[in-house]
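Trainee: Take this sequence and fold it.
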Amino acid sequence: MNSVINTQKMKAQVLEQFGSPLTIKEIDKPEPKDHEVLVKIKASGLNPLDIKIKNGQAAHAEAILPMILGLDMSGIIEKIGKEVHNFKVGDEVFGLVGGVADIQGTLAEYIAVDADLLALKPKNISFREAAAAPLVFITAWEAVVDQINIKKDQTILIHGGNGGVGHVAIQIANAKEAKVYTTISSPPSEFIKKHNVIAIDYNKSSVEEYVTKYTDGEGFDAVLDTVGGTVLENSFKAVKRYSGHVASILGWGMHSLAPLSFRNATYSGVFALYPLLSGKSRKHFGEILSQAAQLFEEGKLKIELHDEHYNLMQANEAYEVLENKKSTGKMVIDID
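Mentor: Okay, here's the model as predicted:
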């Protein structure tokens, strides 16, 4: 006798206690509300923030247990709410959609998503690459474009160019035809070598030395800090006087603004989770990801992926690799 498959259920990895392994469970399949779409998830992108949430070290994510982790995803729309008019069943989409507060994350077979958070997946990339993009691209875009508003021929220093946000920020700045510099702590990676960026080994030169060498002591038009701590403080010393701007994605500590003030420069912070947590400005996520799709399709953007593949049942193994910093690029879990 053939078994009957319950189509109203789905598999998901559930976090029941901070610091504990995820548990695979069968739970109710979500039903989209009027402004939502139901997405069959093809791939879930992993981020270092997921590890912090999993370990109870990200109070700003407002996590409520039990929860399903996973911020990013790509997939195919299976059902649309009656107020959704910009997507249709069968559309391939990607987005930064959940995994914070009480919002379901993407380590599941299905998810009901606010349609404003989504964009059509670029036609020329895989679901895996699309799932790796949303958080890092949105964060980098908000810094480089929304906050800094980088222009052609302006100089921008991007700290941590080998990192997830950093390597995307380099590509956005290149697409805007800026003059791009990045700090690294080791020999240039293959990514750095094949992009239009000047690498600065910060272990071999001080802020004052590389500002003198590359800007004649004037400072960079813009600086993006993706590291925080002393790197943010160094950013205040590296920016151009009067017109310079520093943006940080990790400006959460206590810092002296004196170096920035003495340069008559400006500062802004980026907190990419706000639209998810507040429900406000979510449409901008979709707009930013549409820009990402255009850059992908023009061949101006590529996400560096970790070589190994993991499925939903192997989520704990994938998280262990990410937590131990053994990944060689953005990690993705194949859901379908």
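Trainee: Return the set of buried residues in stretch 196-205.
Mentor: With burial defined by 16 or more other CB atoms under 10 Å, the residues of stretch 196-205 counted as buried are Val197, Ile198, Ala199, Ile200, Tyr202. The way it works is simple: take the backbone N, C-alpha and C, and place the C-beta from them, glycine included.
Trainee: Any idea how far it is from the middle of the chain?
Mentor: Distance of stretch 196-205 from its chain centroid, counting by CA atoms, centre = their mean, to the nearest Å, is 23 Å.
Trainee: and the longest helix for this protein?
Mentor: Criterion DSSP state H: the longest helix present in the chain is helix 282-297.
Trainee: What are the contacting residues of that one?
Mentor: When contacts are taken as CB atoms under 8 Å, 6 or more residues apart in numbering, the neighbours of helix 282-297 outside the stretch itself are 94-96, 114-125, 129, 133-134, 137-138, 141-142, 171-172, 175, 275-276, 301-302.
Trainee: Can you flag the buried ones in the residues you listed?
Mentor: Buried by 16+ other CB under 10 Å: 94-96, 114-122, 125, 129, 133-134, 137-138, 141-142, 171-172, 175, 275-276, 301-302, out of these.
Trainee: Can you tell me which of those residues end up in strands?
Mentor: Phe94, Gly95, Leu96, Asp114, Leu118, Ala119, Leu120 (DSSP state E).
Trainee: quick one on the thing from earlier: of all the buried residues of stretch 196-205, which comes closest to Ile333?
Mentor: For those, the minimum distance to Ile333 (CB to CB) is 29.8 Å, reached by Val197.
Trainee: got a list of what the closest one touches?
Mentor: Residues in contact with Val197, defined by CB under 8 Å, 6+ apart, are Ile158, Gly161, Ile170, Asn174, Val180, Tyr181, Thr182.
Trainee: Check the gap between it and Tyr310 for me.
Mentor: For Val197, the distance to Tyr310 under the criterion CB to CB, to the nearest Å works out to 30 Å.
Trainee: for Ala140, same thing?
Mentor: In this view, Ala140 and Tyr310 are 25 Å apart by CB to CB.
Trainee: who has more neighbours, these two?
Mentor: Higher neighbour count among Ala140 and Tyr310: Ala140, with 28 against 19, using other CB atoms under 10 Å.
Trainee: I'd say the more buried one and Asn174 touch.
Mentor: No. No contact is recorded between Ala140 and Asn174 when judged using CB atoms under 8 Å, the distance being 11.8 Å.
Trainee: if I've got this straight, Lys40 is in a strand?
Mentor: Yes. Under DSSP: H, G, I helix; E, B strand; the rest coil, Lys40 falls within a strand.
Trainee: Number of residues surrounding it?
Mentor: Neighbourhood size, Lys40 [other CB under 10 Å]: 15.
Trainee: Which pLDDT value does the model give it?
Mentor: We note a pLDDT of 98 for Lys40 in this prediction.
Trainee: do you know how far it is from Ala272?
Mentor: For Lys40, the distance to Ala272 (CB to CB) stands at 25 Å.
Trainee: And Lys29, by the same measure?
Mentor: Here the criterion is CB to CB. By it, Lys29 lies 28 Å from Ala272.
Trainee: just Val321 next, same as before
Mentor: 23 Å.
Trainee: ok, these two, which is more surrounded?
Mentor: Of the pair Val321 and Ala272, Ala272 is the one with more neighbours under other CB under 10 Å, namely 23 against 17.
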